[in-house]
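Enquirer: Turn this into a structure:
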Amino acid sequence: MEISFLGAARTVTGSKYLLTVKNKKFMIDCGLYQGYKDMRLKNWDKLPVNPQEIEAVILTHAHVDHSGYIPLLVKNGFRGKIYCTRGTRDLCSILLPDCGHLEEEDAARANRYGYSKHTPALPLYTYQDAIQALDYFMPLDFDSAHELTQDLTLKLLPSGHIIGASLVRLEHHGQSILFTGDLGRKHHPIMRAPAIVTHSDYLVIESTYGDRLHSASSPENQLADVVNNTLSKEGSVIIPAFAVGRSQDILYYLYSLKEQGRIPDVPVYLDSPMAQDVSDLFCKYADEHQLPENVCIQVCKTAKYIRTPEESKAVSQSRHSKIIISASGMATGGRILHHLKAFLPYENHTILFTGYQAPGTRGDRLMRGETEIKIHGEYIPVRASILMMENMSAHADYQEMLDWLKHFKQPPGKVFITHGMIESALSLSEKISTELGWACQIPEYLQTASL
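Expert: Okay, here's the model as predicted:
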């Protein structure tokens, strides 16, 4: 076996790994780059491998930095199968068409207002491209072995990150490699803990939080403080939240706080049709999380769902205090941008981020204290309070990773550390080497290693 790192190498987005087994090529994850413009431009670069030569794609989970390149791969000639869990397939059927729709909207807006350097501005792929790509998905059950070839076996194990998220284990003639994708947390309030793994000859592990420990503070307590403080100023709380996972977590905390009477019964709006569809799946896949069915139903009823752009505009224009949850979580696109334009200029409102902000995204720039932010070609002054919810991450921190790795009965031959900025990857590498004595490598973009 041979592995090539086509994405998420010394950065936290664009996950793509190419595994070559006896001249057959398999891609593990197929994600979009996000963040700084030079990273996003990589999405337009020619893929280092001919899509027609790829036998199959295997997804760890549905987040677009792991799946969002698939429609373009199919558009450019890929005709193999896309293996994943049923939950991932169902989430991708929501996420990928939405990505195509947003690409088309962004291109149309750029052409309308003339702020693109390209004439005409074109989408990376379209809604219809994404719909066509869904035909190639082949869902598999957790924990069941599937033969990709006569001598290559695939098994998907729960990773605890979001619905459908999996560890990908491949075995060839007794030699195994495990991809963690995004590793979940043992004590997440909603998702179940990642599956325990005791052996793999090679390991490809994420390092998003490889240099950090999550806060021990209660996210529920922090959310209560933010809501109550903002309401005391007659303001609104605007929450950019990932449609998959994070929006449901926020709804759970708001449901719990209202049940306890710790926050007023202020209107809550979920302004993301995609997040609403995901919430329906949240109840469908109840065996993957810890909430009882009746609680899951009530959590999903906590918010009023906003479907149309007209409803969304009306919510923004209303002067009454409210909580708005809207995607995207890093403020890179979607309806959240319209809410930021409406609420950022005023001091009594709060913009509350709930997860990792990739360098270069609007969320990252707001968290760094920029006083104005560019949205739809115009600069918006930043006067609202900009805060981050602590301890909301669905990624394991470095100690949680080390605790998970300690279940291995013998060291892997090598640990490849990816999906993290270089500081995070270096930090995690040092910790694994020091505490466990394992050999680690931080691969560079396009690097290839023989296994």
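
Enquirer: can you pull out the helices in the stretch 51-200 of the chain?
Expert: Along the stretch 51-200 of the chain, the segments classed as helices by DSSP state H, counting those that start in this stretch run 64-67, 70-75, 86-113, 127-133.

Enquirer: for the ones you listed, which one sits closest to Pro139?
Expert: helix 86-113 (4.3 Å; Cβ to Cβ). Where you see a C-beta, it was placed from the backbone N, CA and C, and this is true even at glycine.

Enquirer: What residues of the closest one count as buried?
Expert: Across helix 86-113, burial judged by 16 or more other Cβ atoms under 10 Å covers 86-104, 106-107, 110.

Enquirer: which helices and strands sit right next to that helix?
Expert: If you count contacts as 3 or more Cβ pairs under 8 Å, 6 or more residues apart in numbering; DSSP states H and E, helix 86-113 packs onto helix 64-67, helix 70-75, helix 127-133, strand 137-140, helix 273-284.

Enquirer: Now do it and helix 273-284, the angle between them.
Expert: 170 degrees (axes from the mean of the first three to the mean of the last three Cα atoms, to 10 degrees).

Enquirer: when you give positions from now on, start the count at 50
Expert: Renumbered: residue one is now 50, and that last one reads helix 135-162.

Enquirer: Could you find the closest non-adjacent residue to the residue most central in space within the chain?
Expert: Centroid-nearest residue in the chain: His112, 4.0 Å away (criterion: Cα atoms, centre = their mean). Nearest residue to His112 in three dimensions, chain neighbours excluded: Val293, at 6.4 Å (Cβ to Cβ, 6 or more residues apart in numbering).

Enquirer: Give the full set of residues in contact with that neighbour.
Expert: Neighbour list for Val293: 111-112, 140, 144, 211-212, 324, 327 [criterion: Cβ atoms under 8 Å, 6 or more residues apart in numbering].

Enquirer: Can you say which of the helices and strands packed on helix 135-162 is packed in most?
Expert: Burial of the helices and strands packed on helix 135-162 is given as mean neighbour count (mean count of other Cβ atoms under 10 Å); helix 113-116 ranks first at a mean of 26.

Enquirer: all strands for the stretch 250-399 of the chain, in order.
Expert: Counting by DSSP state E, counting those that start in this stretch, the stretch 250-399 of the chain has strands at residues 251-255, 286-289, 317-319, 353-354, 372-375, 399-402.

Enquirer: The fourth one pairs with which strands?
Expert: Next to strand 353-354 in the sheet, as set by DSSP bridges, lie strand 317-319 (parallel).

Enquirer: same check, this time on the second one
Expert: The strands that strand 286-289 pairs with in its sheet are strand 372-375 (parallel), strand 399-402 (parallel) (by DSSP bridges).

Enquirer: What is the burial count for Ala191?
Expert: I think there's a mix-up here, since residue 191 is Phe and not Ala. Phe191 has 17 neighbours, counted by other Cβ atoms under 10 Å.

Enquirer: Repeat that for Lys307.
Expert: Neighbours of Lys307 under the rule other Cβ under 10 Å: 16.

Enquirer: Flag the least confident of the contacts of Val293.
Expert: On pLDDT alone, Ala324 ranks lowest of these, at 76.

Enquirer: For the residue lying closest to Leu122 once chain neighbours are set aside, give its distance to Lys124.
Expert: What sits nearest to Leu122 in space, not counting adjacent residues and going by Cβ to Cβ, 6+ apart, is Pro100, at 5.0 Å. Computed as Cβ to Cβ, to the nearest Å, the Pro100 to Lys124 distance reads 9 Å.
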